[in-house]
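A predicted structure for the sequence below; I have some questions about it.
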Amino acid sequence: MFTVHELSRRDLLQAAGAAGLGSLWAGQTPAQAGVPAEKSPAGGPALGTIAEPARQVPVVADCDVCVVGGSATGVFAAVAAARLGAKVTIIESNGFFGGVATASLVNLWHSTEDMQNQQQIIAGLTTEVFERLDRRGGLEVVKGKRTYYALNTEELKIELDVLITEAAVRPFLHTLFVTPVVEDGRMAAAVIEDKTGRRAIRARQFIDATGDADVAARTGLPVYQREHVQPPTMCVILRGLDAIRKKHPGFNVHRAIFDTQYPQALKPGFSWGHAVPGGRDEYMLAGTRVYNANCSDADELTAATIEGRRQVRAVCDILRDNFLDGKGTPLLTLPARLGIRESRHARCLHTLTQEELLSGHRFPDAIGNGTYPVDIHNARGGGITFRHLEKAPFYQIPYSSLVPQGASNVLVAGRSIDADEGAFGAVRVMINCNQTGQAAGVAAWLALDSNKSVAEIDTTRLRETLRKQGAAIL
């Protein structure tokens, strides 16, 4: 049984204001293919070019399915395909799996039930992970008007290793996806770079779980990015907040970090957080916000990461100078990665809309369900927009929003699926992205098994196979 703790949503979310290389579509420019033009460090044109000598790249693996991106979404895709008998590889740039949950420290996954808390609408690998973490004391069930799940993300790193190992998925950690190899209009291999050097992985199906649609963009499939994307956040794990509250009754970290009486105060934004399960007075705070950052651009991502850490230090200085008598530091852990909410999207067979989401539209090819509200962080200033389900008990995510237009053997999963601004504000969270990962893994296997393109698979069979894997298919 899960350990249950009572906590209201108000307490939880306290607001404070070469041949075969390149494009599938011959003749495309990099910009048309969704790849930004090269820039100098100052943001201007590239400082000339360098010809990279042609070379033979050794093939290190030949598999059925290659997943690019090792978030929980990517791991679920890999495991779902492998459990069906596929030979699977997974590529991840970090030295561990888990994506935003582990690399960015976001330790909360949202409700698995409908709006009335009467029907389970999310299951499969997500709830399997809950059960695994609970057995290790790495899960807290947060009960309020809605039920949430707080994760010990260090335990999650190891549990995802176990999932990958048990499923006999071949992992490539500390590995960068470099470029696709395209043959006869299909992606045939992923060129990678790691400590060994330049290598390649051949596969018959590919799943883009990069979060930034990197595979889709570099393959020349259609991608897009909104003019104003939701700003990223640099999370942090702080220690000693309970001790501060005992000494300073009424202290609220979510208010303090924006309080203009302190010179280090952050610009108006939004702050929330949760205690670390198994920790001792350790709290994950998500209160920073980096505006005007295009995190699919390397230079802007670098600048945003440094700015995020600057804001974390400002938070720590507010606490140290005003609540800790100028002694010690509340800083315990910084994330390996900036928490990115939005960047590029693949242009897919269907664009999920806010109207479909809020009305609870039912899709014949639905592969996921959710209740997390439309949640749009203002890209140009403080505040946040929430729109909740009022008439429907839950919404659905269609498989067609995972299939890039023109794709034969490439699927997207996670936050780069196709959705308008409002719908994306809801489906972007991990509890929803997880479902797209498991679905993409099953779909890739079905495409292989039926010898069809990812756009032509039998979605009735897809849904039935997901149901057999324990997913909630409604």
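Okay, I see it.

helices of the chain, residue ranges please.
Along the chain, the segments classed as helices by DSSP state H run 9-12, 72-83, 125-135, 153-166, 214-219, 241-247, 253-256, 298-323, 354-358, 421-427, 430-450, 459-468.

between those helices, which one is closest to residue 284.
For these, proximity to residue 284 was assessed by CB to CB; helix 153-166 is nearest, at 8.4 Å. To be clear about C-beta, it is placed using only N, CA and C from the backbone, and glycine gets the same treatment.

in that closest one, what counts as buried?
Buried residues in helix 153-166, counted by 16 or more other CB atoms under 10 Å: 153, 154, 155, 156, 157, 158, 159, 160, 161, 163, 164.

so which of the helices of the chain comes closest to residue 91?
Residue 91 sits nearest to helix 72-83 of all the helices of the chain, at 8.5 Å, using CB to CB.

show me what the closest one is packed against.
strand 59-68, strand 88-91, helix 125-135, helix 153-166, strand 197-208, helix 430-450 (3 or more CB pairs under 8 Å, 6 or more residues apart in numbering; DSSP states H and E).

Throw the ones you listed into a markdown table and include distance to residue 256 and mean pLDDT, thanks.
A markdown table is the format used below for the helices and strands packed on helix 72-83 (distance: least, CB to CB, whole Å; pLDDT from 0 to 100):
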| stretch | distance to residue 256 | mean pLDDT |
| --- | --- | --- |
| strand 59-68 | 41 | 98 |
| strand 88-91 | 41 | 99 |
| helix 125-135 | 31 | 98 |
| helix 153-166 | 25 | 98 |
| strand 197-208 | 40 | 98 |
| helix 430-450 | 27 | 98 |
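
circling back: if you compare the helices of the chain, which one is most tucked away?
Burial of the helices of the chain is given as mean neighbour count (mean count of other CB atoms under 10 Å); helix 72-83 ranks first at a mean of 30.

gap between that helix and the chain center?
Relative to its parent chain, helix 72-83 has a centroid offset of 14 Å by CA atoms, centre = their mean, to the nearest Å.

and that helix with helix 125-135, angle?
Angle of helix 72-83 versus helix 125-135, following axes from the mean of the first three to the mean of the last three CA atoms, to 10 degrees, is 100 degrees.

helix 72-83 to helix 153-166, inter-axis angle?
Here the directions of helix 72-83 and helix 153-166 differ by 20 degrees (the same axes, to 10 degrees).

pLDDT on helix 72-83, on average?
Per-region confidence: helix 72-83 scores 98 on mean pLDDT.

likewise for stretch 250-257?
Here the average pLDDT along stretch 250-257 is 97.

what's the answer for stretch 348-362, then?
Here stretch 348-362 scores 98 as its mean pLDDT.

that one: end-to-end distance?
Terminal residues of stretch 348-362 are spaced 18 Å apart (CA to CA, to the nearest Å).

residues in contact with it?
Stretch 348-362 is touched from outside by 374, 387, 389-398, 400-405, 412, 417-427, 455, with contacts defined as CB atoms under 8 Å, 6 or more residues apart in numbering.

just the buried ones from the residues you listed, in ChimeraX syntax?
Burial among these is assessed by 16+ other CB under 10 Å; the matching ChimeraX selection reads:
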select :374,389,392,393,394,395,396,397,398,400,401,402,403,404,412,417,418,419,420,421,422,423,424,425,426,427,455
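
from the contacts of stretch 348-362, which ones fall inside strands?
Here DSSP state E is the test, and the contacts of stretch 348-362 give 374, 387, 395, 396, 397, 398, 412 as lying in strands.

for residue 276, state which of those residues is nearest.
Checking the ones in strands among the contacts of stretch 348-362 against residue 276 by CB to CB gives residue 374 as the nearest, at 28.0 Å.

gap between that closest one and residue 255?
Computed with CB to CB, to the nearest Å, the distance linking residue 374 and residue 255 is 25 Å.

ditto for residue 224
Per CB to CB, residue 224 is found 37 Å from residue 255.

and if you look at residue 411?
With CB to CB as the criterion, residue 411 and residue 255 are 43 Å apart.

ditto for residue 204
Residue 204 is 54 Å from residue 255, by CB to CB.

what of residue 428?
On the measure of CB to CB, residue 428 and residue 255 end up 26 Å apart.

what do you get for residue 179?
For residue 179, the distance to residue 255 (CB to CB) stands at 47 Å.

kindly report the same for residue 86.
50 Å.

likewise for residue 157?
Applying CB to CB to residue 157 and residue 255 gives a distance of 32 Å.

ok, the nearest residue to residue 142 once chain neighbours are set aside - contacts?
Of all residues not flanking residue 142 in the chain, residue 148 sits nearest, at 4.3 Å (CB to CB, 6 or more residues apart in numbering). Shown in contact with residue 148 (CB under 8 Å, 6+ apart): 12, 108, 109, 110, 111, 141, 142.

ok, how many other residues are close to the fifth one?
By that I understand residue 111. With neighbours defined by other CB atoms under 10 Å, the count for residue 111 comes to 22.

phi and psi next, for the closest residue in space to it that isn't next to it in sequence.
The shortest distance from residue 111 to any non-neighbouring residue, by CB to CB, 6+ apart, is to residue 146 (4.8 Å). Main-chain torsions, residue 146, degrees, to the nearest 10: phi -120, psi 160.

tell me, how many residues neighbour residue 146?
Look at residue 146: counted by other CB under 10 Å, it has 17 neighbours.

what's the pLDDT at residue 87?
pLDDT, residue 87: 98.

list the contacts of it.
The neighbours of residue 87, taking CB under 8 Å, 6+ apart as the test, are 63, 64, 65.
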